[in-house]
Each structure stands twice: as C-alpha cells, then as structure tokens.
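Student: The sequence and its predicted three-dimensional model are supplied below.
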Amino acid sequence: MDNEQIAKTKIDRERMPRHVAIIMDGNGRWAKQHGLARMFGHRQGVETVHRITEAAAELGIRYLTLYAFSTENWNRPQQEVDALMELLVDTIAKETPTLMKNNIRLLTIGDLERLPKSAQDKFRLCMEQTAANTGLRLVIALSYSARWEMIRATQQIAREVQSGTLRTEDIDEAAIADRLTTHGMPDPDLLIRTSGELRISNFLLWQCAYSELYFTSCLWPDFTVEEFYKALIDYQGRERRFGKISEQLKTI
Ligand code: FPP
C-alpha cells in the first residue's frame, strides 16, 4: 500500500464531515517556485480541484465548497482576471462529463451577475445539466465574499421589514442563514486553507462560526489526495463542543 492508501484506511467513514470548505491558496507562489507565469499555477490548481473533488465524492462527503474567485480578486491585474475567468469557464465546460460520471451536482455561491455573460451562461448550463445528480454538491464560490453576502442579506431583511412581510422580532439565526447565498446548505464542518496563510480572508464568516480550521503549508497545486485525507483524519481526531463541555458530549 502506498501512503495515500494507508491514510485512507485511517478515515472513519461513519464520522465524515458533511461539508468541507477549502480556500485554495498558493497557485501564484507555486508558479514562481517553478519559474513559470502565474497562470500556470492556476492551471495546475485545476488538476488539484479535479482530484480532490473526485476523492470527496468517493468518500461520500455531501458538500465541497471551493473559493475560486473572491470579490477582492477583481482587483488583480486585468490580464489575470480575464485569464482566470477563461480558465474557470473552460474547466466547467470540460469537467461536466466528470461531474455526471461521479453523480456530482454543481452549485455556485457569490455574485454570479458580476461575471462576464458568457461565464454566467456556462455555469448556469452546468448547474442545469447536473441538477438531478444526487451525490456530492460541488459549490464554487465565484465573486464571493462573506461581507458582500451579509450586506445583501441585511438589505433583503430591511426590505422585508419595510414591506411588512417580516417582523423585526422574527429575525433570528435561521432568518439570516436563509438569506445568505448558502441557504439550505449545512455549515462547513471543516475549513481547509492551503499555502501556510493563517487567515479566513472574508470566506463564509457566518457559516464557519463552529467549523474546525485546518491550515497546511502545502501550496494548492501540490495538495494531494493524501494531504486531503490527512486533513480529514485530523478533523476526526478533534472534539467538537459547540460551546458545551466534554462531559456533556459523552451523555448525548
Ligand atoms: C489562489 O492562489 C487561487 C485563486 C485566486 C484561484 C483559484 C482558482 C483555481 C484553482 C481554478 C479553480 C477552478 C475551478 C473550476 C473551481 P493565488 O493566486 O492567490 O496564489 P498566491 O497567493 O501564491 O499568489
């Protein structure tokens, strides 16, 4: 058995996280390390997306959310923004058969309207084509930031209160969660960030209130299935207390 297979045997299939979210970081640094232009790092990053998605589907994880393009990423040089958009669109078009083969449903969160029309169309088409798939939900965060989504939810709530369809006293956690772009999805159990940065960078701030955080220095293009398994094993070794004490958990 190789190291990947050994790691796989250590995963407890009964205690899988329902939702894993990943901040895929380090593509640019990977390219630099290899003396290549940044886009080569992003292209290599797509290979990692492919293998981690297949591994997650195979393990029966229900939701995998990938931070592909943040609201702040619009501020990168125009050439990189354009190339990233093209890469995202090409990847989605090319990978649709793989999604079908693995029974994976594609979803997006974020301000899809801000993407070029052709990109929006490709993503919508893939979402339609995979809509009946019942396995893993692959959620791509596109033009997403948690503060953007919270502002949007707050505006929505204000409008509903103003129009009399929502009472101020009925605004609770569920009311807010229902108006986020992740409505209907379970909160991430595990948030992974690659490349050694120890930040959440405006990703799923509401939803990650109780998520376990896992940071690895591995750059995203180098993130292997074995590394993914290691993150899951680490997660399974943790005690999730949700504000309670250890003894209370044992009585449940
Ligand atoms: C962060 O690395 C990565 C991104 C901003 C883009 C990630 C996108 C992909 C891997 C393509 C994903 C495709 C699909 C279909 C989901 P960085 O550029 O910030 O790296 P650096 O911090 O080393 O400069």
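Tutor: Thanks, I have it. Numbering: from 1, shown residues only.

Student: From here on, just use CA atoms for contacts and neighbour counts.
Tutor: Noted.

Student: Helix or strand with the lowest mean pLDDT in this protein?
Tutor: Ranked by mean pLDDT, DSSP states H and E, the weakest helix or strand in the chain is helix 246-250, scoring a mean of 82.

Student: and residue 144, what does it touch?
Tutor: Contact analysis of residue 144 by Cα atoms under 8 Å, 6 or more residues apart in numbering lists 67, 69-71, 109-111, 203.

Student: Looks like residue 215 contacts residue 192 (just checking).
Tutor: Yes - taking Cα atoms under 8 Å as the definition, residue 215 is a contact partner of residue 192 at 5.8 Å.

Student: in the stretch 151-252 of the chain, which ranges drop under the pLDDT threshold?
Tutor: By pLDDT under 70, the weakly predicted segments of the stretch 151-252 of the chain are 251-252.

Student: thinking again about what came up before, have a look at residue 215 and residue 192 and say which one is more surrounded.
Tutor: Remark: of residue 215 and residue 192, residue 192 carries more neighbours, 21 against 17, as counted by other Cα atoms under 10 Å.

Student: So what pairs up with the nearest residue to residue 181 once chain neighbours are set aside in the strands?
Tutor: Computed as Cα to Cα, 6 or more residues apart in numbering, the closest residue to residue 181 that is not its neighbour in sequence is residue 109, at 5.5 Å. Assessed by DSSP bridges, residue 109 has beta-bridge partners residue 141.

Student: count of residues packed around residue 109?
Tutor: Residue 109 has 20 nearby residues by other Cα under 10 Å.

Student: same question, residue 55
Tutor: As a burial measure, residue 55 scores 16 neighbours (other Cα under 10 Å).

Student: Next: residue 179.
Tutor: 18.

Student: which among the contacts of residue 144 are in contact with the ligand?
Tutor: For the ligand, the contacts drawn from the contacts of residue 144 by Cα under 6 Å from any ligand atom are residue 69.

Student: Can you pull the residues of the stretch 1-150 of the chain lying near the ligand?
Tutor: Counting by Cα under 6 Å from any ligand atom, the stretch 1-150 of the chain comes close to the ligand at 24-29, 42, 45-46, 68-69, 88, 91-92, 140.

Student: And the helices in this structure, which stretches?
Tutor: Taking DSSP state H, the helices of the chain run over residues 3-9, 27-33, 38-59, 78-101, 117-129, 146-163, 173-178, 225-236, 246-250.

Student: In a markdown table: those helices, plus distance to residue 196.
Tutor: Shown next, in a markdown table, are those (distance: least, Cα to Cα, whole Å):
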| stretch | distance to residue 196 |
| --- | --- |
| helix 3-9 | 22 |
| helix 27-33 | 11 |
| helix 38-59 | 16 |
| helix 78-101 | 22 |
| helix 117-129 | 30 |
| helix 146-163 | 21 |
| helix 173-178 | 30 |
| helix 225-236 | 14 |
| helix 246-250 | 30 |
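
Student: among those helices, which is nearest residue 210?
Tutor: Proximity to residue 210 (Cα to Cα) singles out helix 225-236 among the helices of the chain, at 12.7 Å.

Student: just to revisit the earlier point, name the nearest of the contacts of residue 144 relative to the ligand.
Tutor: Using Cα to the nearest ligand atom, the shortest approach to the ligand within those belongs to residue 69, at 5.5 Å.

Student: And stretch 236-252, what's buried?
Tutor: Buried residues in stretch 236-252, counted by 16 or more other Cα atoms under 10 Å: 236, 240.

Student: what residues does stretch 147-158 touch?
Tutor: For stretch 147-158, the surrounding residues in contact (Cα under 8 Å, 6+ apart) are 71, 110, 166, 176, 179-181, 202, 205.
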